[in-house]
Structure formats: C-alpha cells, structure tokens
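In: Sequence first, predicted model second:
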Amino acid sequence: MESVARSQSATGQDAPVSSDSTLIYRQSRWTRLTHWIWAISLFFMLLSGLQIFNARPQLYIGKQSGFGYNNTIFEIGAENTSAGPRGYTAIFGHRFDTTGVLGWSGPPGNETARGFPSWATIPSYYDLGTARVVHFFFAWILTTTLIVWLVASLVNGHIRRDLAPRLDDLKRLPRDIVDHAKLKFHHTREYNTLQKMAYGGVLFVLLPLMIITGLAMSPSMNSVLPFLNEVLGGRQTARTIHFTVMLLLVGFFIIHILMILAAGPINELRSIITGWYRTDPPAHNDKTTERSA
Amino acid sequence: MAKFEISRRKFLTAASLGASGIMLSGCDAFDSQLSIGSGLRSFLENANGLTYRAQRLLAGRNALAPEFTEADIRQPQRPNGVTAPDDDIYKGLLANNFADWRLEVSGLVEKPLSLSREQLQNMPSRTQITRHDCVEGWSCIAKWTGTPLSLVLDQAVVKPQARYVMFHCLDTIDRSLSGDVKYYGTIDLIDARHPQTILAYGLNGKPLPVENGAPLRVRVERQLGYKMPKYLYKIELVDSFANVGGGRGGYWEDNGYDWYGGI
C-alpha cells in the first residue's frame, strides 16, 4: 500500500489511495492455486536439480560427454593451488575463481569440493538418489499443474483475455520499459506488455522447454520419442538447455519478487492469495484511463 | 523526486533482505525427512512407480532405444563403479582368461543352466551402437555385442510366477559388518526380454575389458547405467525383492536410488 501511494506521488497525482481506488477480482482460483503449486514445485525442483547437477558438474554440447575429446562448455570444479584448494567455474573456457560458493565451499575449516554449495541443494549433503526422488516427484506435480492451468485458463478466458498479445502491446512496449525502469507502476486489471511477455514466456516457453528437455534425458522416453534428442541436438545438449532454462527461471523469479516488492507487496500478495486487487484510482487525465502501461 | 529516491532505496534494501533470506534459509531443513524409510521419503518415492507405469504404457515392450553409427563412437567407453575387482575369485578367473567362468541361470526356471563363454558366444548375437547414460548425468556412445537375454531365458524356461531377473556379480562394491557386499540388481521381465537387452561380451569390436565388466555385463538400453551390472556370474529368476539385498531391488536401490532407472 505504501509503495502504491509513493509511486503515485512520484507520478504527480495526489489522489489518496483508499478513497478512489477499488478492489477488483483479478485472479481466478485456478490461477491462484496453480501459482502456489508451481512456486513450491519449482523451489524443490531447483534445489534437488542443483544436487543432481553436482553429481556431474559439467555441461556438454552434443550426443555424449567428451572424455576423449572436448565438448565441455561449462564446468564447476576444485583444484589445488599454492594458496590451497580453490573452487573455479569455467564458462566457454573462461575460468573464474568462485571459492566459497561454486566448486569449493562449506563451513570454515570444513570446506569440500562440491559444485553448488550445501545451502543451495536438497539434501544439503551429497545424495544423488534422494535428489532424484524429490526432483521427479515434483516434476509430476509441476507438469500436471501446467496442464490443469492450461485447460482452466482456456476455459475461463484467462489466456485470451490477459495473456494473449495484442498489437496495442507492441505500441506500449517502449513506455512500459521506461516505466518499469523508473519503478513507476500502474495498478490495473490488465497485465502490461512486459508482464505478458514474462508470464507468457515462462508458461508457454520456459516450463514446456524444461519438461521437454527433461524428458529428452530419460533413456526410456528416448525409445518413445527418438526425434526429441535429434531436434534438440543430442542428450547432452538437452541437459545443457535444461540447465540454461533453470538459470532463466531463476532470473524470472528474482525479477518477479523485485517487481512485487516495488509495486506494493501487500496488494500483489492479496491478489495472488485471495484474488482481490486494488487498482489505481481513475486518473484525472483522460489519456491515462486506457489500459495502463 | 526526493521522495521517489527514498522509496527506491527502501525498495532495494527490502529486496536484498528478501534475497539473502532465501539464500540463508539453507536446505538442511529437509534432510531428516528424506532418509530411506521415512514417511515423506516413501511418499515421494511413489512417483517412481508412476513413472515406471507411464513409461511402460508409452514405450510398450519393444520400443527400441536410439542406435547410432560408427562415426558416433568417438572415445573409449567410460568405465564407472568398480573398474578392477579385488576379489580373489574374480582374480583367479581373470588369470585363467575366464576359462573356468560359468554363467549360472537359476531360481524360478524349469531348466537351470550353467553356460561357458563359448556356449554363450555360440548363441545368436546382437551388436548395437547405443548411448550409455549414467545416473550422474554423462553419456557415452559405444558398440556392444552380446547374447540376447531373452534367448538365455527361453533356454532355461522361466516359470510363470517369476517377475524379476536378478543379476549376481563378482565385484565387491561395499564392505559391511556382515561381510563383503557384491553388486546385485534386478530388472523386470519386460526389460529382460527387450530385443536390445543383451549379455555383452564385446565392446567396440573387442572382447569386453575388465574395467567395463569382463567377462560379461548386462546392457539394458532403456535404463540408466546402474541398472546394467558388470562382472556377471549368476542370473536368478525371482518373484519379489524379499531376498534381494535390503529388499529394494538392488545395491544402489538399497542406498536410495529408485528401482526404475528409465528416467
């Protein structure tokens, strides 16, 4: 609420929030329920996934992993130096010292060689088997929830009404970017262009790509869908894409949280918990009463 | 403008606090609930049964794992697990180039077998260039030659009540208070009779090397590497996991891996 008021004062409008703004029902129960199931699933999938990655903290391009040749494009490792063991991260051959976080980490005096640090993995100790149990359980939950959301959102109009891009979105994009950069937010029923791109990108590109590359790594699924790895460029490329999409999803999550904090966390949280959202009061200027940026 | 800057500073503070809170939360919170036998762990493990049924439904009995070309063989097959068994029996067999080695087929079969290398190699063979996928995440393409397991099972005549094929191995993978633990594992009869499931004695056109499981290892091409035991000496048909190690169907399964390794 505070941020709402502040961002309005930043725009030069003096209308008090409580009197003119209205609560509208913005998020259907399907959207709210699936949102929180995804939040929980992605948390566990990320942390168990980093544990799985630690079993082989290298990424390759192609059908197989190069042992007799080099097709490694990313590596987290540890090495002995004159200054003691150090952790490093190598991306396309460029090495960075990441001691303490990637490659070599742990409580002072008890550091160990491990890809991602203990605080970023489930379980905290090295346990590939358990991480796989957790990962595949939530893989089922995540995929099922995505299908449920897709059906519900086609039926209740959420996709058509809120997510489908319109020509207008393209026109508003430059102003939208400027507004976001200035942390100037408009609270309306509709998503702005950047929101549509972010949510649409996650729901229709990143999550499906995550599921597809995950399935491409399954030896049994390879017998059902042999073309999958051919399209993706081989099982190890699929694994690399899986990891890259993870980074993009983490990036989305960070921006998502920052935007919520900036746009007014109470109002945003109420909307995704109860469905009710407080919109900005009608502007004095007619020009801004159209769909906001 | 001044007001706006305050709000941005506040925003950045709140944001960094939020981010560090997430990072510091740590993940040892779930450790105790995830040990083998705990209620939550057992519940989560049900997903493996679901995966097994779903993939069996989709892949059926005979869908083949992708096969590759000679050009895809770019390196020696990477060995994993035990690569040089230190067991006296194994070392004795190796010293004699496995002339005294036999493959026993026992358990729920009508005709128990004891096959020599020559007998196995005189049976029809299958050669396939396939990708070995390790549970750790790496892959390696190699050419495998061996006897289809289904032919051996047919010769032994599997009893109707048999449900799994158990593999007994010569290599010690672990030492416990009750003695050495030799590698063991099980697959279902669908994978056992799959056309690409072979008892491999050849690798990349040469006899199977010790590090890759000489004299005989299993290839189960629709599952991960830990489902393909090396240093094989006995195949036993069983109807449950009751007498298989700790009861979860294999050495790695008893140490927390899922029994079904098709994913």
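Out: On my side now, so go ahead. Just so it is clear, the model here is predicted, and its values are computed rather than measured.
In: Confirm residue B:143 sits in a strand?
Out: Yes: under DSSP: H, G, I helix; E, B strand; the rest coil, residue B:143 falls within a strand.
In: distance of it from chain A?
Out: 13 Å (C-beta to the nearest C-beta, to the nearest Å). C-beta: built from backbone N, CA, C; applies to glycine.
In: ok, that residue - contacts?
Out: B:70, B:73, B:127-129, B:202-205 (C-beta atoms under 8 Å, 6 or more residues apart in numbering or on different chains).
In: what about 7 Å?
Out: By C-beta atoms under 7 Å, 6 or more residues apart in numbering or on different chains, the residues touching residue B:143 are B:73, B:127, B:129, B:204-205.
In: Write out the residues of the stretch 1-150 of chain A neighbouring chain B.
Out: Residues of the stretch 1-150 of chain A found near chain B (C-beta under 7 Å from any C-beta of the partner chain) are A:3, A:6, A:9-10, A:47, A:52, A:55-56, A:63-65, A:67-69, A:119-125, A:127-130, A:132-134, A:136-137, A:140.
In: And these, which of them are buried?
Out: Buried members of the residues of the stretch 1-150 of chain A next to chain B, counted by 16 or more other C-beta atoms under 10 Å in any protein chain shown: A:3, A:6, A:10, A:47, A:52, A:55-56, A:63-65, A:67, A:119-124, A:127-130, A:132-134, A:136-137.
In: So which of the residues you listed sit within strands?
Out: If you go by DSSP state E, these have nothing in strands.
In: which regions of chain B lie under the pLDDT threshold?
Out: Chain B contains residues with pLDDT under 70 at B:1-27.
In: spatially speaking, which residue is in the middle of it?
Out: Nearest to the mean C-alpha position of chain B, counting by C-alpha atoms, centre = their mean, stands residue B:227 at 1.5 Å.
In: quick one, what contacts it?
Out: Per C-beta under 7 Å, 6+ apart, neighbours of residue B:227: B:185, B:187, B:220, B:261.
In: and what of residue A:49?
Out: Contacts of residue A:49 by C-beta under 7 Å, 6+ apart are A:135, A:246.
In: end to end, how far does stretch A:80-95 reach?
Out: Criterion C-alpha to C-alpha, to the nearest Å; first-to-last residue distance in stretch A:80-95 is 15 Å.
In: Buried by neighbour count: which residues of that stretch qualify?
Out: A:86-90.
In: How about residues contacting it?
Out: A:73-79, A:96-100, A:102-105.
In: if we go to 8 Å?
Out: A:72-79, A:96-105, A:111, A:113.
In: just the buried members of those?
Out: Judged by 16+ other C-beta under 10 Å, buried ones among the contacts of stretch A:80-95: A:72-78, A:98-99, A:102-105, A:111, A:113.
In: Filter those residues down to the ones in helices?
Out: The helices, defined by DSSP state H, take in nothing from those.
In: Leaving out chain neighbours, which residue sits closest to residue B:62?
Out: residue B:195 (6.1 Å; C-beta to C-beta, 6 or more residues apart in numbering or on different chains).
In: no, scratch that, I was asking about residue A:154
Out: Using C-beta to C-beta, 6+ apart, the closest residue to residue A:154 is residue A:160 (7.8 Å).
In: between the buried residues of stretch A:80-95, which is nearest residue A:202?
Out: residue A:89 (25.8 Å; C-beta to C-beta).
In: Doesn't the closest one belong to a strand?
Out: Yes: counting by three-state DSSP, residue A:89 is part of a strand.
In: Go back to the contacts of residue B:227 and keep what's next to chain A.
Out: Residues of the contacts of residue B:227 in contact with chain A (C-beta under 8 Å from any C-beta of the partner chain): residue B:261.
In: quick one: which of the contacts of residue B:227 has the most company?
Out: Within those, residue B:261 tops the neighbour count with 29 neighbours, counted by other C-beta atoms under 10 Å in any protein chain shown.
In: That one contacts residue B:222, doesn't it?
Out: No: counting by C-beta atoms under 8 Å, residue B:261 stays clear of residue B:222, with 9.1 Å between them.
In: Overlap of the contact sets of the two?
Out: Taking C-beta under 8 Å, 6+ apart as the contact criterion, the common neighbours of residue B:261 and residue B:222 are residue A:219.
In: Please enumerate the helices of the chain.
Out: Just so you know, I chose chain A. So, for chain A - with DSSP H - the helices run A:2-11, A:17-20, A:29-55, A:128-155, A:158, A:167-181, A:193-200, A:207-216, A:219-224, A:227-232, A:235-263, A:265-273.
In: actually chain B
Out: Going by DSSP H, chain B shows helices at B:2-24, B:39-59, B:88-95, B:117-122, B:149-156, B:189-192, B:251-254.
In: buried ones in the second one?
Out: By neighbour count, with 16+ other C-beta under 10 Å as the criterion, the buried positions of helix B:39-59 are B:41, B:44-45, B:47-48, B:51-52, B:55-56, B:59.
In: Filter these to keep only those in contact with chain A.
Out: B:41, B:44-45, B:47-48, B:51, B:55, B:59.
In: hang on, residue A:102 packs against residue A:74?
Out: No: between residue A:102 and residue A:74 there is no contact under C-beta under 8 Å: 10.8 Å.
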